[in-house]
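# Need a 3D model of the sequence below.
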Amino acid sequence: MAHSSETEQLLDTELLRYARQILLDGWDIDAQLRLKSSRVVMIGAGGLGCPASETLVRAGLGHIHLIDDDVIEASNLQRQTLFLPEDIDKAKALTAAKMLERINPLVTACGTVARLSEDNAYELLDMAAGKPDLLLDCTDNFATRDIINRISVRYQIPLLSASAIAMQGQLALFEPHLNTGCYHCLFGSVVADAAADERTCANSGVLASTTAIMGNLQANAALQYLGLTKNPLTNKLLLWDGSRMEQRLMGYRKDPECPVCSSY
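Numbering: from 1, shown residues only. I've put the predicted structure just below:
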């Protein structure tokens with residue numbers, strides 16, 4: 001977790017921009033400084049990544065790095081809120097990063113057009129400069145989420161994973177350094193069977209509000225984690241059902257025989 005140095009301060013422009021946030025009970029200048037000094041890597045700059053990254057950047061996150069190998073299509077504009085019609089055929093990661101820096105010039109946003117894998121993770125996550133404070137999984141398939149989880153466990157980086165399909169969503173925040181379980185502990189059997197029958201936005205559809213809500217719930221958890229050093233989802237899976245306007249929490253435990261995290 002990144003922490004502000006004793007000499008670091010908020011600029012006058014930052015104090016003005018984040019004034020309503022700093023007024024919150026439980027969120028003070030120290031929390032804002034912790035957020036400013038945090039570095040997040042987001043995998044996926046689509047339906048979830050757009051609202052999550054925009055909220056984090058507006059709130060004052062210091063540095064965000066978006067990784068995505070896809071280009072913008074007309075069908076993305078229904079829910080991917082950082083893109084405009086003239087952006088069709090452009091790289092999502094680069095276009096989103098450019099828009100984020102326009103939204104808040106006080107933060108640093110960069111994009112990489114690539115598909116994250118276990119082989120290139122050290123380089124893409126810029127591990128030579130130190131571990132990111134948080135990984136945000138904003139992808140849309142189990143295979144990629146499984147890879148991101150393995151990277152999270154291997155390098156002991158907290159992972160905030162969100163999913164959205166149709167009118168439903170899920171959210172969990174894993175802390176591998178605390179040995180409390182990982183994505184595979186929770187979804188192991190699903191991951192194993194996913195290749196045979198996987199629902200995605202492309203084949204099942206998604207309501208525009210679903211990704212907006214889940215992306216902002218993801219940002220909400222990230223803000224608490226980075227600014228307040230608090231995990232509001234410790235060993236819990238958040239389940240959101242838009243058709244019934246219901247939200248509930250389901251507990252889970254570390255699998256002592258998990259093939260991903262049991263040896264750490």
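# Would you agree residue 247 falls within a helix?
No - secondary structure of residue 247 (DSSP: H, G, I helix; E, B strand; the rest coil): strand, not part of a helix.
# Break down this structure into its strands, ranges please.
39-43, 63-67, 108-112, 134-137, 159-165, 168-174, 236-241, 246-251 (DSSP state E).
# now these in TSV, with mean pLDDT, distance to residue 23 and mean neighbour count?
C-beta: built from backbone N, CA, C; applies to glycine. Output for the strands of the chain, formatted as TSV (pLDDT from 0 to 100; distance: least, CB to CB, whole Å; neighbours: other CB atoms under 10 Å):
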stretch	mean pLDDT	distance to residue 23	mean neighbour count
strand 39-43	98	24	25
strand 63-67	98	24	24
strand 108-112	98	25	19
strand 134-137	98	25	27
strand 159-165	97	26	25
strand 168-174	98	26	23
strand 236-241	98	27	17
strand 246-251	97	26	11
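# of all the ones you listed, which lies closest to residue 122?
Nearest to residue 122 among the strands of the chain is strand 39-43 (12.1 Å), distances taken as CB to CB.
# Just the residues contacting that closest one, thanks.
With contacts defined as CB atoms under 8 Å, 6 or more residues apart in numbering, strand 39-43 is touched by 2, 49, 52-53, 56, 61-68, 116, 124-125, 130, 132-139, 144, 148, 222, 226.
# I'd like the strands of the chain as CSV, with distance to residue 32 appended.
Shown next, in CSV, are the strands of the chain (distance: least, CB to CB, whole Å):
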stretch, distance to residue 32
strand 39-43, 15
strand 63-67, 15
strand 108-112, 16
strand 134-137, 17
strand 159-165, 20
strand 168-174, 21
strand 236-241, 25
strand 246-251, 28
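# From residue 149, how far out is residue 258?
Between residue 258 and residue 149 the computed distance is 10 Å (CB to CB, to the nearest Å).
# which residues do those two both contact?
182, 184.
# more neighbours, those two?
Ranked by neighbour count (other CB atoms under 10 Å), residue 258 and residue 149 place residue 149 first, with 25 against 18.
# any idea of the pLDDT on the more buried one?
You'll see residue 149 listed with a pLDDT of 97.
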